[in-house]
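Colleague: kindly generate the corresponding structure for this input.
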Amino acid sequence: MQKYLHFLVLIITLFLSFSSVFADCVYQGSATLSKSLEKCAPKGSITSDDYKVDDWVKKKVVQLTNQLILLGSILSVGGIVFASALYVSSLWDAEKVKHAKTSMKFAIVGFVVMLLSFPIVNALVNLIYEVGK
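Modeller: The predicted structure is shown next:
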């Protein structure tokens, strides 16, 4: 069964690779080559002229992701407080101390991830929306 699936993927890939993706471009001798190829794109491809991303969409995406990151940060701080309470109430029981330390470790890792995700998410959103311009 797996051989047939691999064969089917190979056939589809070969079919798509030989499909008509050539661009309709006309070179005019009076213009430079880069100017002639400026509007040149493969047939059926989506170019940046086909769509426009408004700035309000970018602002809403950044606002939503920042709010989600803030919520995650608050929850991870709550996890740190909860793990601290577990540690204090463990009464030196080895199993409870181990559980409290594991909970504290994951809560701290979650908080660090949330702190690092602010600049990463904002940079990715800016990169994605700058490509469309």
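Colleague: okay, CA-based contacts and neighbour counts for the rest of this
Modeller: Fine.
Colleague: any low-confidence regions in this structure?
Modeller: Under the criterion pLDDT under 70, the flagged ranges of the chain are 10-31, 33-54, 132-133.
Colleague: elements contacting the top helix by length along it?
Modeller: In the chain, taking DSSP state H as the definition, the longest helix is helix 94-131. Judged by 3 or more CA pairs under 8 Å, 6 or more residues apart in numbering; DSSP states H and E, helix 94-131 is in contact with helix 55-88.
Colleague: what residues sit buried inside the helix it packs on?
Modeller: 58, 62, 65-66, 69, 72-73, 76-77, 79-80, 82-84, 86-87 (16 or more other CA atoms under 10 Å).
Colleague: now stretch 93-107
Modeller: Those buried within stretch 93-107 under the rule 16+ other CA under 10 Å are 96, 97, 100, 103, 104, 107.
Colleague: show me what contacts the last one?
Modeller: With contact taken as CA atoms under 8 Å, 6 or more residues apart in numbering, residue 107 is in contact with 76, 77, 79, 80, 83.
Colleague: tell me the domain ranges of this protein?
Modeller: For the chain, the structural domains run 1-46, 52-133, going by automatic domain parsing.
Colleague: for residue 1, state which of the buried residues of helix 55-88 is nearest.
Modeller: Taking CA to CA as the measure, residue 65 is the one of the buried residues of helix 55-88 closest to residue 1, at 42.8 Å.
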